[in-house]
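*Asks:* Provided below are the primary sequence and the corresponding predicted coordinates.
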Amino acid sequence: MLKFASPSTNPNSHSIIIFIFCGDISKTVLLLFILFLILSISILSLEVLTVEPL
């Protein structure tokens, strides 16, 4: 997803950073995003349920 266009003096560490970012952090970000979506949908449904009877 993220590409670094600026050339660095040490390309090995740069590729390692990109590998780490594409490997574990993207999975955790996806999990957090899915959890955030589930929480927002549940909160919206709760708000709709609490507002409807009134």
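*Replies:* Perfect, thanks for sending it. All figures in this text were calculated on a predicted structure; none of them were measured in a lab. Numbers count the residues shown, from 1 in each chain.

*Asks:* Quick one: list the elements packing against the lengthiest helix in the chain.
*Replies:* Longest helix of the chain, by residue count under DSSP state H: helix 26-51. Here helix 26-51 touches no other helix or strand, going by 3 or more C-beta pairs under 8 Å, 6 or more residues apart in numbering; DSSP states H and E. Every C-beta, even on glycine, is put in place using the N, C-alpha and C of the backbone.

*Asks:* average pLDDT for that helix?
*Replies:* Here helix 26-51 scores 82 as its mean pLDDT.

*Asks:* Counting neighbours, which bits of that helix end up buried?
*Replies:* Buried positions in helix 26-51, judged by neighbour count with 16 or more other C-beta atoms under 10 Å: none.

*Asks:* Contacts only, for residue 49.
*Replies:* Residue 49 sits next to no residue when contact means C-beta atoms under 8 Å, 6 or more residues apart in numbering.

*Asks:* any idea how far it is from residue 42?
*Replies:* Counting by C-beta to C-beta, to the nearest Å, the separation of residue 49 from residue 42 is 10 Å.

*Asks:* again, but for residue 34
*Replies:* Distance from residue 34 to residue 42, by C-beta to C-beta: 13 Å.

*Asks:* what do you get for residue 48?
*Replies:* On the measure of C-beta to C-beta, residue 48 and residue 42 end up 11 Å apart.

*Asks:* now do residue 29
*Replies:* Counting by C-beta to C-beta, the gap from residue 29 to residue 42 is 20 Å.

*Asks:* And for residue 31?
*Replies:* Applying C-beta to C-beta to residue 31 and residue 42 gives a distance of 16 Å.
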